[in-house]
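Q: Here's my sequence, what's the structure:
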Amino acid sequence: MTPVQLSDPSVHAPAANGKMHVSKTAAAKTSIVDLRGTTSTSNTDANMTSAIIKALSQKSVVFPQHGKKDTLVRSIPTMVLYDDRGLEIFDKITYVPDYYLTEAEIDVLKNHADHCIAKVARDGSVLVELGCGAMRKTKYILEAIEKQQLKNVTYYAVDLSESSLRESLGPLTEAFPSIKFVGLLGCYEDSVEYIARTIPDDVLKTYLWLGSSIGNLNRTEAATFLRQICDKGMNVGDTFLCGIDRRNDPDVVGLAYNDRQGVTRDFILNGLDHVNRIFGRKVIDREGFEYVSIYNDVEGRHEAYYRSLRQQAVGGPSSTSAGESAGETSFSVVLEEGEILNVEYSYKYSKEEVDELVDSARFYNVGKYTDSRQMYDLHLFSKPPFFFEKASKDRPAVPTTQEWEQLWTAWDTVTGTMIPPAAHLARPISLRHPFIFYLGHIPAFLDIQLSRAENSAFTSPQSYTRIFERGIDPDLENPEICHTHSEVPDEWPSVHEVLDYKSRVRDRLRKVLAAHELNPDSVAKRVRRVLWMCYEHEAMHLETLLYMLVQSPTTLPPNGVLEPIPSHAEPEPVRMVRVQDASIVQTGINDPESDDFAADRNVPPAYGWDNEKPVRDLPAPAPYEIQSRMVTISEYVAYLDQVQDRWNDVDLIPASWGSLGSSTPPTPGSSPNGSTSHSTARGSARFGLKTPFGIRPLDHFRASPVSLSYNQAFKYACVQGMRLPSENELRTVRRSGIRKSGHYGFASWVPMGAASSPGETGVSVDEGLWEWTSTVFDRSDRDGYVQSEVYPGYSADFFDGKHNVVLGGSWATVPRIAERESLINWYQRGYPYVFSGFRLARTL
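A: Numbers count the residues shown, from 1 in each chain. This next block holds a predicted model:
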C-alpha cells in the first residue's frame, strides 16, 4: 500500500496570528517516541525522494475521460502537500466557509462526543489518533473523558513532524492534566506496530482517524489499511472512530476543494515547493504550473492536478555530497504543455460504499454520528469476536475449517456470554426446549450425521444421541400435535458435561476437515454433504437461539459486541414498483443425494436442502405492484394509532416488542428484556424493540422493518387494501433488487432497514429480516421433490398447510444461507417470534 500523509491537517487550529499558543515548558515536557524507519513504509527522506522520481517518471495514474478512452498520466505523491508550510495553509483552509468538512466534524463532536466516549472508553483505556490532536476538535473527546471521570487514560497522537506533535500536544497536556499524552513520531504503520507491541491485550483501545483523511486513499487502499489495523493493532472489542465525507452535491464538493478565496490553490502549489526542499535543489518550477480541480461524480472523488503551462523539463542532476553516490536523486522528465500531474484524490462515500469498506476490513459497524446538516459522518467500527465473509465468488461447496471456526466462535459468543449461568433450563418460548437442549443438540446432530455417513461409532456418551438428536416444534393451535422428536429426559445433563461433549465432537470434525483440505477425494461424498448440512444446521439454530434470547428476561449482551448507535432516522419514502410482463421464475439447484454414491468424485457447485431441488420453473406472476421496501416500525405504529382499540388488541402487538418500563441498561446479572405487556394507553411510548442489548425505544428504530407473525402482517395488509406478495412475486423482485449487504451475516445486531442512495429506483432487499410471502410451504413429486435420505424430516414434516414460505435472511443469518437464491425457509403463520417482516403488493 502506498504510504499516505500521516497528519490530519484540519486539527491544527491557529490562534489569531495563525500559530498555536503553547508554553515552552509544556512543549518540552511532551513525551515523544521516535518510530521513524522502523518499518519498510516509513516516510523517510530517502523513501520520499524515490517515490517522487518513480511517480514523475512513468504514466501510471488513470485520468478518466467519461465518454472517451481513459488515459494514463504522471503523478506526484500526495505526501508532498503536508510539510510545515502546507499544514499552515491547510489550517487556513479549515476556516474557509466553502470547506465544510471541518465545521461539520466539529458539529458532530460537539453533539455526540459524550455518547461516543461512554460506548468506547473505560478506566485505563488508550486512544490513538492517527494525526496530531489539537484543541479545536480533540477537546470535545477529551472533555467527555473528564466528564465521565475516567482514570488512567492515555492519548497517543501520530505524526511525521516532531514540531507539530509538540505544538499540538503541549496545550492539551496543560488543559487536561488527568490524561497522559504521548506523541508517536512516525507513519501509521510504525505506530500501529508500536501499539500492538507495547499495549497489553486487555487494555481497551480506540483509534481515531478524523478529518476524512481516509479519502486520500482509494477504496481498495482504504479497505486494506483498515484491515491491517484490525488484524495487527486491535483486539476483540477495540474500536475505530473514522471521519468519512458523504457523496454530497458535486457543486458543494467542488467549492470545498477549489474555494473562492484561492487558499486551496496555494496549498496545492506549495507541494511543488516542498518537492524542491526534499531534493535540496530546484527540480521543478512552481511558476510553470496551475492547479486543476475536478469532481468526478462517477467515482465519487475530488481530483487535484497540476497542469504544465509550457513544455518544460523537471528534475536534473543531483549535487553529490559526502556519503551520497552520484545519480541517486538524478532524473529528468520532459512535460508537454497542458500535461497534467495527479497529486491528490479525496474520496467520498455512499452508505453502500461504507458497508463494502467495513466488510472488506472485517469490522463490525456500530453505527454513525452525523452533523446537523446531514453532510458528514463519524463512523464507529469495532473488531468483532467473529466475522462472516459475504458474497464470496469462490466459496467452496464444503465449508472450510476457517468458516467452521468462525461459526463456532459465534455459537460460543451467544451461548457462552448471553445465557446467564443459572438460566440454561429456562424456556423463554414455551413451544421450544430449554437452552440446555440446544447446547447438546448441535454437537449431537453433527456427531450422529458423521457417524452415519462414515459408518462409525458415536462420540461418548452415546446416550446423548437419544435426547439431543431432534427438538420440538409443536402445532400452535394444538401443542399436543408435534412431529417425532427425541425423548425428553427427567433431568438434563449438566452444562459442564455438555460443553465437554461439544469439544470432543468439534475435535472429531476438525480431523475430518483437515483430511478434506489435504485431499478432498479422501473424504467420501456423503461425508462432504454432511459437512455442509451440519454447518447450515448449526447456523440456523444460532438464529433460533437469538430470537429465543431476545424474548428472555435474563439475557445478557454479547461479549465483544457494542450496541448499535440509535439512528432515529425516518423511513425512506416508500414507492410502488410496477412489475409487468414478468417471466417464468426459475429457481432451485440440481443436487440429488443419490449422486453421493456415484463412481466419480465430483461434488455439486453448491449443496441444497431437499425443498430447494431440483431446478424448476415457477409460473410467471401476473402484472403486480410491490413496495420498494419493507413495512417499517413507524408505519406499523401509525397503523395501531389509527384506531384506539388496536393498542389494546394483544393479537396485533408484535412479540418483538416489549414494555419499556422493564428496560434498563443491561449488566451482568440484570434482566435487559422484559415480557411483552400491553398497556391500555395509546401510542408507542410504552413499547420498545427487544434487542440482544435490552428493550430500546421504538423511536430508535423508526426506519427499521417491523418483525411480526404472518397473521399480524396479513391483518395490516387487509386494512391497507393490499396483500402480501407470493413467493414467485418476491423472487422476481429479489433478483433485480438492491441488496443491503450490511444487514445480514451479523453486520448489525438489530434490523436496520432500507436506506437508499440518491437516484435509486429499484427494490431494496435484505433489510435485516426474513420476508413473509403468501405462499404456503408445500412440495410434492409433481414438481420433482424428493424427500431427503440424510435428513428425512427436514421439510416433509411441515407440509401441513400451516406454514408459509419466507425468503431472504435476517441480521442473524449467515451469508451462506442469506446469499443462496434457491434457499427456502418457512414458519407457522401464527408464530410471532421469528425475525421476519413483510412488504405489501397488489395485483394490477
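
Q: Name the helix or strand of the chain that has the lowest mean pLDDT.
A: Here the helix or strand of the chain ranked lowest by mean pLDDT, DSSP states H and E is helix 24-29, holding a mean of 55.

Q: Can you name the next helix or strand after it?
A: Toward the C-terminus, helix 24-29 is succeeded by strand 31-34 as the next helix or strand (DSSP states H and E).

Q: Where does residue 302 sit: helix, strand or coil?
A: Of the three states, residue 302 takes strand under DSSP: H, G, I helix; E, B strand; the rest coil.

Q: Tell me who's in contact with it.
A: 253-254, 256-257, 293-296, 345-346, 348 (CB atoms under 8 Å, 6 or more residues apart in numbering). C-betas here are computed from N, CA, C, even on glycine.

Q: Any of those residues buried? List them.
A: By neighbour count, with 16 or more other CB atoms under 10 Å, the contacts of residue 302 hold 253-254, 256-257, 293-296, 345-346, 348 as buried.

Q: what's the pLDDT at residue 756?
A: According to the prediction, residue 756 has pLDDT 60.

Q: where do the helices sit along the stretch 301-450 of the chain?
A: Secondary structure of the stretch 301-450 of the chain (DSSP state H, counting those that start in this stretch): helices at 351-361, 401-417, 435-454.

Q: In a markdown table: the buried ones among the contacts of residue 302, plus distance to residue 377 and secondary structure.
A: Output for the buried ones among the contacts of residue 302, formatted as a markdown table (distance: CB to CB, whole Å; DSSP: H, G, I helix; E, B strand; the rest coil):
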| residue | distance to residue 377 | secondary structure |
| --- | --- | --- |
| 253 | 15 | helix |
| 254 | 20 | helix |
| 256 | 16 | helix |
| 257 | 19 | coil |
| 293 | 24 | strand |
| 294 | 24 | strand |
| 295 | 19 | strand |
| 296 | 21 | strand |
| 345 | 19 | strand |
| 346 | 15 | strand |
| 348 | 11 | coil |
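
Q: what's the closest of those residues to residue 98?
A: Among these, residue 256 lies closest to residue 98 (CB to CB), at 5.6 Å.

Q: residue contacts, the residue nearest to the closest one when sequence neighbours are not counted?
A: Nearest non-adjacent residue to residue 256, counting by CB to CB, 6 or more residues apart in numbering: residue 99, 4.9 Å away. By CB under 8 Å, 6+ apart, the contact set of residue 99 is 93, 256-257, 259, 264.

Q: Just send these back as CSV, with distance to residue 230 too.
A: Formatted as CSV, the contacts of residue 99 follow (distance: CB to CB, whole Å):
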residue, distance to residue 230
93, 31
256, 30
257, 30
259, 35
264, 33
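
Q: Now do stretch 149-162, average pLDDT.
A: 92.

Q: Show the end-to-end separation of it, please.
A: 30 Å (CA to CA, to the nearest Å).

Q: Then stretch 379-398?
A: By CA to CA, the extent of stretch 379-398 from end to end equals 35 Å.

Q: Distance from the chain centre to that stretch, please.
A: On the basis of CA atoms, centre = their mean, to the nearest Å, stretch 379-398 sits 9 Å off its chain's mean C-alpha point.

Q: Likewise for stretch 834-844?
A: Worked out by CA atoms, centre = their mean, stretch 834-844 lies 26 Å from the chain centre.

Q: Show me what counts as buried in that stretch.
A: 834-841.

Q: just these now: which is nearest residue 567?
A: Of those, the one sitting nearest to residue 567 (CB to CB) turns out to be residue 837, at 16.8 Å.

Q: and whichever strand or helix holds residue 145, what does it pack onto?
A: Element membership of residue 145 [criterion: DSSP H and E] is helix 135-147. For helix 135-147, the packing partners by 3 or more CB pairs under 8 Å, 6 or more residues apart in numbering; DSSP states H and E come out as helix 101-120, helix 162-175.

Q: To residue 787, which of those lies closest?
A: Per CB to CB, nearest to residue 787 of those: helix 101-120, 49.9 Å.

Q: Surely residue 255 is in a helix?
A: Yes: note on residue 255: a helix contains this position according to three-state DSSP.

Q: Please report how far the residue lying closest to residue 429 once chain neighbours are set aside lies from residue 701.
A: In this structure, residue 429 finds its nearest non-sequential neighbour in residue 548, 5.4 Å apart by CB to CB, 6+ apart. To residue 701, residue 548 is 20 Å away according to CB to CB, to the nearest Å.
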